[in-house]
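Asks: No sequence on hand, only this structure:
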């Protein structure tokens, strides 16, 4: 009888992709490329409501609950003539969790905002690069060292 293999669940993971410089991009296209760059979107993925969720939070510059975010996402998608897919409240909350897991946003008393109202560059430097990415890199290095 074949031996059952335990499911390997990562403690943390991040996808980083390098694209061309963002010199000609603005608005939603710029946020979309950022989402692709950090693995929130897959290349060719048509389900891109996470772009609108992040855009809404970046533009709002205030704390909002998931219902407010959902309504603004719907407005954003209408304004950009995009299909009204992925806009259910449950999916909006799932996208908020994904953004929170990457430290881009935080929740305080069921309201969401960009982490510490900081710039995305600061968040990347302090939370992602120095903390998250460093801890992943160090653990991978331990595996390299353990194999002799």
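Replies: Noted; the coordinates are in hand. Keep in mind that what you see is a predicted model, and the values were worked out from it rather than measured. Numbers count the residues shown, from 1 in each chain.
Asks: Where does pLDDT dip in this structure?
Replies: Confidence mapping of the chain against pLDDT under 70 gives the ranges 1-6.
Asks: and the gap between residue 113 and residue 83?
Replies: Separation of residue 113 from residue 83 (CB to CB, to the nearest Å) stands at 28 Å. (Each C-beta comes from the backbone N, C-alpha and C, glycine too.)
Asks: The two: which has the busier surroundings?
Replies: With neighbours defined as other CB atoms under 10 Å, residue 113 and residue 83 compare such that residue 113 has more, 16 against 11.
Asks: That one reaches residue 56, doesn't it?
Replies: No: with contact defined as CB atoms under 8 Å, residue 113 does not count as touching residue 56 (11.2 Å).
Asks: joint contacts of those two?
Replies: Shared contacts of residue 113 and residue 56 (CB atoms under 8 Å, 6 or more residues apart in numbering): residue 64.
Asks: SS state for residue 62?
Replies: Reducing the assignment to helix, strand or coil with DSSP: H, G, I helix; E, B strand; the rest coil, the entry for residue 62 is coil.
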